[in-house]
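# one predicted model, sequence on top.
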Amino acid sequence: MSDKPEKFIDENGLRLDGRRVDEIRPMTVEMGVLSRADGSCYLEWGNNKVLAAVYGPRELHPRRLQRPSEALVRYRYNMAAFSVEDRIRPGPSRRSTEISKVSGEAFEPVVMKQFYPGAVIDVFAEVLQADAGTRTAAINAATLALVDAGIPMKGLVASCAVGKVDGQLVLDLNKPEDNYGDADLPIAMTEDGEITLLQMDGNLTADEITKGIEMARKGCEQIFAIQKEALLSKFGTADEEELLKEAELQAEVATSEDESEDVEVISETVSDEIQAEDDEPEAEDDDEGENTELQDEEEAFTDDEVGDASDEAEDLFGEDVSEFEITENAESEDDSSSEPEGAESDEDEGEKNE
Ligand code: ADP
């Protein structure tokens with residue numbers, strides 16, 4: 001056609017859109033964009049705009065399609081009628097049927113279908129704006145939508161195409177390269193490097209195919225990085241780090257301090273246990289109507305005992321702890337004097353007997 005550029009790569013090694021031969025187009029992703037889907041992802045890659053939505057695992061109807069030992073993964077690729085310059089006839093076409101089939105198979109090694117026998121996982125990839133490389137863009141979005149839906153997966157899948165223009169291999173074809181280039185080699189792979197989709201349009205030598213696959217591998221590595229970044233920003237590392245720190249702190253407290261500290265750290269979940277444990281000395285469960293008994297217990301500590309306890313607390317924790325811990329430390333005295341252990345084991349036995 002007359003639109004065919006004379007040259008795809010200039011003397012500086014730059015392509016028509018300014019990229020180098022081994023560069024992918026800028027990609028942005030946003031997860032969880034559809035509230036009714038179990039998982040979703042909106043992805044822009046160059047001028048491609050793709051929305052992926054995952055529904056399921058859910059019961060598959062009609063039942064005769066159900067697989068007794070695993071889930072059925074259905075993948076539907078569709079180009080919106082308005083996604084290209086000339087309107088596309090809505091509905092499935094031979095092209096979209098083929099792309100749906102091969103793209104669904106690209107997830108075969110990673111989706112752990114065995115966890116959902118009889119169920120179906122529906123993946124919809126809607127191309128809103130097409131500009132070459134839509135099947136690869138859709139696979140990249142679908143991966144994140146699957147993760148967003150909480151589908152157990154062994155890893156991610158990334159996809160990009162390699163082509164040939166001006167006798168050179170180029171990564172991630174743009175529209176003119178796709179339309180007028182010598183070859184188009186879309187590839188998808190797992191993080192382990194297992195190729196899960198490989199198609200080819202045009203002509204490449206065996207050597208070019210090998211090199212092209214290596215080039216695609218590098219492109220996929222960049223895409224994995226983008227996908228992981230999206231996952232981290234969605235599911236948050238900062239919080240995780242905080243939680244981890246908190247857990248570490250708690251672990252330290254639990255190991256370095258005596259059982260009375262555990263009583264502070266562990267709250268509601270073990271309160272029943274503590275309650276049972278503390279028929280004698282506990283002051284935490286006052287609301288249970290044992291106030292008088294507990295008060296008696298507190299009163300039973302002499303000034304000297306309380307003084308010793310607070311001195312010890314000061315040694316351990318510094319001054320600020322001493323005040324609030326007088327009752328607790330009184331308990332800790334108790335605890336450390338091996339009584340609570342005995343009490344505990346008694347209770348344990350009691351529980352077991354019950
Ligand atoms: P991919 O989008 O995966 O590269 P193709 O190589 O088949 O798939 O298509 C290349 C590009 O051609 C598409 O991204 C889209 O921009 C355009 N295209 C594909 N099918 C049509 C169509 N039926 N009408 C108009 N443009 C199309």
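Nice, I can see it. Numbers count the residues shown, from 1 in each chain.
# now do stretch 140-151, average pLDDT.
The average pLDDT within stretch 140-151 is 98.
# ok, now which ones touch residue 144?
Residues in contact with residue 144, defined by CB atoms under 8 Å, 6 or more residues apart in numbering, are 29, 31, 39, 41, 43, 52, 156, 227, 230, 231. Yep, even glycine has a C-beta here, placed from its N, CA and C like the rest.
# export those residues to TSV and tack on neighbour count?
What follows is these, written out as TSV (neighbours: other CB atoms under 10 Å):
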residue	neighbour count
29	25
31	22
39	23
41	30
43	28
52	31
156	21
227	25
230	20
231	18
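# and the residues you listed as TSV, adding secondary structure, distance to residue 60 and pLDDT?
Listed next are the contacts of residue 144 as TSV, based on DSSP: H, G, I helix; E, B strand; the rest coil; distance: CB to CB, whole Å; pLDDT from 0 to 100:
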residue	secondary structure	distance to residue 60	pLDDT
29	strand	29	98
31	strand	25	98
39	strand	18	98
41	strand	23	98
43	strand	27	98
52	strand	20	98
156	coil	25	98
227	helix	28	98
230	helix	29	97
231	helix	28	96
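# among these, which one lies nearest to residue 8?
Distance to residue 8 across the contacts of residue 144 (CB to CB) is lowest for residue 43, with 25.1 Å.
# can you tell me the SS state at the residue nearest to that closest one when sequence neighbours are not counted?
The shortest distance from residue 43 to any non-neighbouring residue, by CB to CB, 6 or more residues apart in numbering, is to residue 141 (3.9 Å). At residue 141 the chain is in helix, as set by DSSP: H, G, I helix; E, B strand; the rest coil.
# on that earlier part again, closest to the ligand among the contacts of residue 144?
Lowest distance from the ligand to these (CB to the nearest ligand atom) belongs to residue 43, with 13.3 Å.
# dump the residue contacts of that closest one.
Residue 43 makes contacts with 27, 28, 29, 30, 49, 50, 51, 52, 137, 140, 141, 144, as judged by CB under 8 Å, 6+ apart.
# can you put those in a markdown table and add distance to the ligand?
Listed next are the contacts of residue 43 as a markdown table, based on distance: CB to the nearest ligand atom, whole Å:
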| residue | distance to the ligand |
| --- | --- |
| 27 | 15 |
| 28 | 18 |
| 29 | 18 |
| 30 | 21 |
| 49 | 11 |
| 50 | 10 |
| 51 | 15 |
| 52 | 14 |
| 137 | 8 |
| 140 | 12 |
| 141 | 13 |
| 144 | 18 |
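# got a ChimeraX select line for the buried ones in these?
Listed next is the ChimeraX selection for buried residues among these, using 16 or more other CB atoms under 10 Å:
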select :27,29,30,49,50,51,52,137,140,141,144
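# among the contacts of residue 43, which one lies nearest to residue 20?
residue 27 (16.0 Å).
# wait, isn't that closest one in contact with residue 136?
No - Residue 27 is not in contact with residue 136 according to CB atoms under 8 Å; the separation is 10.5 Å.
# mind listing what's buried along stretch 199-207?
Buried, per 16+ other CB under 10 Å, within stretch 199-207: 200, 204.
# give me the contact list for that stretch.
102, 163, 164, 181, 182, 183, 184, 185, 186, 209, 212.
# gap between the fifth one and residue 71?
So that's residue 182. 40 Å (CB to CB, to the nearest Å).
# and these two? Which one has more around it.
residue 71 (23 against 18; other CB atoms under 10 Å).
# ok, that one - contacts?
56, 57, 111, 113, 115, 116, 117, 118, 119, 120, 121.
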